[in-house]
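Trainee: need a 3D model of the sequence below.
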Amino acid sequence: MRSHYSLTLAPDTEPVNIDQASEHLRVDSSDDIALIESLISVAREYVDSVTGRVSSVSGWRLTASAWTDLIGTSQTDVFSLHRTPLVSVESISYYAPDAATLTVMDEADYRAITTSEPGAIQITGDLPDLDARPDAIQIEFTAGYSDPSLAPAVLRHAVKMVVAHLYENRLPVAFASCSEIPFSLSNLIQNQKVGGWIG
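Mentor: Numbering: from 1, shown residues only. Here you go, the predicted model:
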């Protein structure tokens with residue numbers, strides 16, 4: 001089973017504020033403020049999910065069924081967390097065989113590597129045996145840029161462009177034409193994928 005990332009604590013700031021988005025849209029009226037604010041959140045979620053970057057500090061949970069889902073078969077003791085930048089790892093928990101409750105791994109048995117991109121976890125102790133279940137491993141961590149101004153300018157501009165695209169195309173299909181995300185915007189987003197351009 002593939003590992004799965006889920007948001008546990010939403011960010012309390014956005015990489016683009018309402019004034020910046022309105023200026024980009026050239027909207028002077030306050031009539032659409034609620035709509036634009038909601039589109040900022042949608043755009044941020046979309047850009048973050050495609051790039052693996054986290055525009056604003058938020059809480060995450062990585063769930064996996066086996067250590068090989070995270071480490072692979074290379075016998076390495078390091079695995080990446082594909083939400084970057086990594087701020088901290090709060091806990092690594094697992095279900096031992098036939099256990100009904102989670103066991104929290106001792107902090108001495110792993111270390112968080114926040115200086116690499118993406119961030120990573122290095123297991124320094126022995127990997128415990130796991131129960132056969134899809135959520136056998138649960139890692140709680142925090143990722144994101146602490147200040148919107150620290151997020152890459154390209155990332156923030158991509159959010160504004162997605163907001164503009166969604167604002168101008170409010171229906172999934174127009175009567176006269178189908179509007180997809182422009183190629184230039186797709187390039188900006190692809191360029192910000194963790195690890196660089198992925199063709």
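
Trainee: have a look at this structure and report its longest strand.
Mentor: strand 86-94 (DSSP state E).

Trainee: after it comes which helix or strand?
Mentor: Going down the chain from strand 86-94, the next helix or strand is strand 103-104, by DSSP states H and E.

Trainee: helices and strands around that following strand, which ones?
Mentor: Helices and strands touching strand 103-104, as assessed by 3 or more CB pairs under 8 Å, 6 or more residues apart in numbering; DSSP states H and E, comprise strand 86-94. Bear in mind the C-beta positions are built from the backbone N, C-alpha and C, glycine included.

Trainee: name the strands paired with the strand it packs on and say parallel or antiparallel.
Mentor: strand 103-104 (antiparallel), strand 137-143 (antiparallel) (DSSP bridges).

Trainee: any idea which of the ones you listed gets closest to Val47?
Mentor: Between Val47 and these, the shortest separation by CB to CB is 14.4 Å, and it involves strand 137-143.

Trainee: now do the closest one: distance to the chain's middle.
Mentor: 12 Å (CA atoms, centre = their mean, to the nearest Å).

Trainee: after that strand, which helix or strand is next?
Mentor: Next element after strand 137-143 (DSSP H and E): helix 153-168.
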